[in-house]
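Asker: Fold the following for me, if possible:
(2 chains, ligands or ions: 1)
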Amino acid sequence: MAREQHDYDDIPGTFVFDAERSRQGFGINMFCMSLMKDDNRKAFKANEAEYLKKFNLTPEQTDAILKRDYNRMLELGGNIYFTAKLGATDGHSFQHLAAVMTGASQQDYAAMMLGGGRPVEGNRSRSGKNVPSKFISAAAAKKAAKRAAATKPKAKASKASKAKSKPKSTKWK
Amino acid sequence: MARIVAGIGSSHVPAIGAAIDNGKTEEPYWKRVFSGFVKSQEWMRELKPDVAIIVYNDHASAFSVEMIPTFALGCAVEFPPADEGWGPRPVPVVQGHPALASHIAQSVILDEFDLTICNKMEVDHGMTVPMNLLFGKVDKDAHWPCPVVPLAVNVVMYPPPTGHRCFMLGRAIRKAVESYPEDLKVVIFGTGGLSHQISGPRAGLINSKWDKSFLDNLSKDPQKLVKIPHIDYMREAGAEGIEMVMWLVMRGALDDKADEIYRFYTVPASNTAVGHIILANRPRGAAKKAATKSKRPAVKHKRAAARVKSAVRRSKR
Ligand SMILES: [Fe+2]
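Answerer: Numbering: from 1, shown residues only, chains lettered A, B, ... in the order given. Down below sits the predicted model:
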């Protein structure tokens, strides 16, 4: 059965972990949860494919795990708080994982974060709904800008690395 | 009568806990984050609450995908820190307040909020990081300054409870606290957020405009916030930014008019925008009923608030 359509499918670069994915990805997440125990980490590392057989995974899910395709794991029902445990088992920091998912080098990703993160402009919608939420009032936005200008160090930091981080703010279809 | 005197909003970024545990708080990157909590810790030391209700979420530590309770109230005597893959955090076991917790459970469930009760539960960074930020670093073998009633909210699997539901639960908690016979000074924490996305190709999203507007409305016009649909949180504040609904439980538990006595915001800590706010209820006459407002000041508390405010002004210059 095809996945039910939802309003949040319009958010680019995002796999919302909903009830349907929670059901579909049960095996992925239970596998990741098992990595909380050292014995299991060792057993997994000793023979990954064999270890994965215990979790009732689909061939696609097994493949995504073996290839460490983190975005595909999310698409197939994995949840980031769970898949992060696989990353940790591989000895990676979370920021490494985040960089991998965004297709950036860890250095570039870290620079983007220091520069104020990935901007929301241009990253709201696949279908062009790029109007800011009506819950951000114009008055609040103005005040925010004023306050941001008043906090010098932060304003400086974001200005300095804005140029650097800009090319990373890719849009997704 | 027990009474909620203040609400605290705080991010609960795991990397903040790691920075504390690994002695990195003096590094410039982390100092920027911790500097925003120095005054709050002073304020907290002065306030000396008897109990803290902490609204937080579990991140695949105590709850797996086997059972996903929407609202889970911790009624246990104690809550050990969970092993999140690197061994449990070196912080004290969190002491519960089973009497107040079960009173809240009973009151709130009869108020039609169908809570899950947890009589055994481990707690992860979602709870212990804000505790460190407000209570400071506490040695593993020492004690946290007050017992805690944990309220775990599902924000991991979509859909989390709506902002409106969270706010109304806060109100029900306030009612429960105020019907507790013992004189207790209670604070309530809303934790998580602010904007961040840590999953998928859009990871790294931060929206400071959204965050500032959220904080502004949290103190002045929370009714505006309760109407925000989940899609707006996820679009604007990131897929994981939806944690912000937990702050609305805290806000709902405060009086309609509460005074903002402190605020801090910085980007980033790891992948997340760090937000922090302290909202204080206005003093009420001790003998009067919950609904009647009295102008009699609780001197000590007001002074503490004024001190924090002037400190903030000073630091802005
Ligand atoms: Fe969280």
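Asker: ranges for the helices of the chain?
Answerer: The chain I'm using is chain A. Using DSSP state H, the helices found in chain A span residues A:19-24, A:26-34, A:38-46, A:48-52, A:59-66, A:70-75, A:80-89, A:94-102, A:106-114, A:138-150, A:152-165.
Asker: wrong one, I was asking about chain B
Answerer: B:14-21, B:28-34, B:38-47, B:98-110, B:125-135, B:163-178, B:208-220, B:222-225, B:230-237, B:245-253, B:299-316.
Asker: what's the closest non-adjacent residue to residue 83?
Answerer: Picked chain A for this. Of all residues not flanking A:T83 in the chain, A:M73 sits nearest, at 5.2 Å (C-beta to C-beta, 6 or more residues apart in numbering or on different chains). Heads up, the C-betas are built off the backbone N, CA and C, glycines and all.
Asker: hm, I was asking about chain B
Answerer: Per C-beta to C-beta, 6+ apart, closest to B:D83 is A:M36, 6.6 Å.
Asker: Is the one you found in contact with B:P88, as I believe?
Answerer: No - look at A:M36 against B:P88 with C-beta atoms under 8 Å: they stay out of range, at 11.5 Å.
Asker: Can you report how many residues neighbour the residue lying closest to A:R23 once chain neighbours are set aside?
Answerer: Excluding its sequence neighbours, the residue lying closest to A:R23 (C-beta to C-beta, 6+ apart) is A:G77, at 7.3 Å. For A:G77, the number of neighbouring residues by other C-beta atoms under 10 Å in any protein chain shown comes to 23.
Asker: for B:T162, same thing?
Answerer: 16.
Asker: Verify the contact between it and B:I231 for me.
Answerer: No - shown here, B:T162 and B:I231 do not form a contact pair, counting by C-beta under 8 Å, at 11.5 Å.
Asker: pLDDT wise, what is the residue nearest to A:T83 at?
Answerer: Per-residue confidence at A:M73 stands at 98 (pLDDT).
Asker: Number of residues surrounding it?
Answerer: Residues lying near A:M73 (other C-beta under 10 Å) number 28.
Asker: and what of the one 10 residues further on?
Answerer: With neighbours defined by other C-beta under 10 Å, the count for A:T83 comes to 26.
Asker: Look up the pLDDT of it for me, please.
Answerer: pLDDT, A:T83: 97.
Asker: cool, B:L134 as well?
Answerer: pLDDT for B:L134: 98.
Asker: do the same with B:H59
Answerer: Reading off the model, B:H59 has pLDDT 96.
Asker: excluding its backbone neighbours, what's nearest it?
Answerer: Closest residue in space to B:H59, ignoring its immediate chain neighbours: A:Y81 at 4.4 Å, by C-beta to C-beta, 6+ apart.
Asker: Make sure the one you found is actually in contact with B:F63.
Answerer: No - contact criterion C-beta under 8 Å: A:Y81 and B:F63 do not qualify, at 10.1 Å.
Asker: Overlap in contacts, the two.
Answerer: Common contacts of A:Y81 and B:F63, defined by C-beta atoms under 8 Å, 6 or more residues apart in numbering or on different chains, comprise B:V156.
Asker: ok, B:D58 to B:Y233 distance?
Answerer: Distance from B:D58 to B:Y233, counting by C-beta to C-beta, to the nearest Å: 19 Å.
Asker: tally of neighbours for the residue nearest to B:T128 when sequence neighbours are not counted?
Answerer: The spatially closest residue to B:T128, leaving aside those adjacent along the chain, is B:V91, at 5.1 Å (C-beta to C-beta, 6+ apart). A count of nearby residues for B:V91, using other C-beta under 10 Å, gives 25.
Asker: Check the one 4 residues further on too.
Answerer: In terms of burial, B:Q95 registers 16 neighbours under the definition other C-beta under 10 Å.
Asker: Contact partners for the nearest residue to it once chain neighbours are set aside?
Answerer: Nearest in space to B:Q95, with sequence neighbours left out and distances taken as C-beta to C-beta, 6+ apart, is B:P147 at 4.4 Å. Residues near B:P147 by C-beta under 8 Å, 6+ apart: B:D50, B:V51, B:A52, B:V94, B:Q95, B:G96, B:H97.
Asker: With A:M30 instead?
Answerer: Contacts of A:M30 (C-beta under 8 Å, 6+ apart): A:F55, B:S64, B:V65, B:E66.
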